[in-house]
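Student: this is a predicted model, with the sequence first.
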Amino acid sequence: MVITLSVNNRETVMNLPVTPSSFKVSKPQSVEEFEVVSAKDLALIGTAKLKSISFGSFFPVEGHSYSYLQNRSMWGWDYVYMIDTWIEQKLPIRLVISGTPINIAVAVDSFDYEIKTDGDVWYSISFKEFNLLEDAVSDNGEEELTVSQYEELKASIDNLGAVVNALANPMVYNYIDDNMPEWARASVQAAVDAGVLSGTGGGWDLTYNDLKTLTWMHRSGEF
């Protein structure tokens, strides 16, 4: 059995050097319970939650070339630094365990390690299934997002979130200051001077559309 971690369509591939003696797979499912008038409880089966996989083993330091090692291209802290880098860069990881059906995109949920007296680095790691990539695979169902594509998708989602937030919490303009668009300031000031616009002490609560209306009225000679 070989456990392989890779990122960015196998641009970087890591074979774990020592196969764990076991690994744990968890596939939770939400179940809601309701109490009905008959005094019996009813259970409602919900949707399946994200799968998690965890295991532990060790990274041997250079010089500890045990006969059972699956990888001798890296040693000890090389593995730790690489995994830590993937975590810091928030990269999705492809986890493959040979001899099993496990071949999924995951994110590192936790990564703990300690150094034994002989120098080997013992670790425990837990992964959480990463579903976002499943909606962005190519037609052949094999290619994942590249790092740049993933960052572009994330930026689009963040931008969409900002738009939704702006719609839910529209900007209001109470004063002629740097927050007000420059193109509207002269027209708003003209509206104030003409008595078309007056405040109540707390500002005007003008919306973006109000600014456009006042600007149109001013430029058309209404005041």
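Tutor: Received, thanks.
Student: what's the neighbour count on L50?
Tutor: Per other Cβ atoms under 10 Å, the neighbour tally for L50 reads 14. For the C-beta atoms, the positions are set from N, CA and C on the backbone; glycine is no exception.
Student: which residue ranges of the protein form strands?
Tutor: Counting by DSSP state E, the segments of the chain that form strands are 3-7, 12-15, 23-26, 29-35, 41-48, 52-59, 93-97, 103-115, 121-129.
Student: pipe those into TSV and attach distance to L153, mean neighbour count and mean pLDDT per row.
Tutor: Output for those, formatted as TSV (distance: least, Cβ to Cβ, whole Å; neighbours: other Cβ atoms under 10 Å; pLDDT from 0 to 100):
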stretch	distance to L153	mean neighbour count	mean pLDDT
strand 3-7	16	20	94
strand 12-15	20	16	94
strand 23-26	27	14	88
strand 29-35	27	9	67
strand 41-48	23	9	68
strand 52-59	23	19	94
strand 93-97	17	19	93
strand 103-115	13	15	92
strand 121-129	18	18	94
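Student: would you turn the ones you listed into JSON lines with distance to N71?
Tutor: Shown next, in JSON lines, are those (distance: least, Cβ to Cβ, whole Å):
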{"stretch": "strand 3-7", "distance to N71": "10"}
{"stretch": "strand 12-15", "distance to N71": "4"}
{"stretch": "strand 23-26", "distance to N71": "17"}
{"stretch": "strand 29-35", "distance to N71": "36"}
{"stretch": "strand 41-48", "distance to N71": "33"}
{"stretch": "strand 52-59", "distance to N71": "10"}
{"stretch": "strand 93-97", "distance to N71": "14"}
{"stretch": "strand 103-115", "distance to N71": "17"}
{"stretch": "strand 121-129", "distance to N71": "14"}
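Student: M82: which of these is closest?
Tutor: Closest approach to M82 among the strands of the chain (Cβ to Cβ): strand 12-15, 6.1 Å.
Student: thanks a lot, see you next time.
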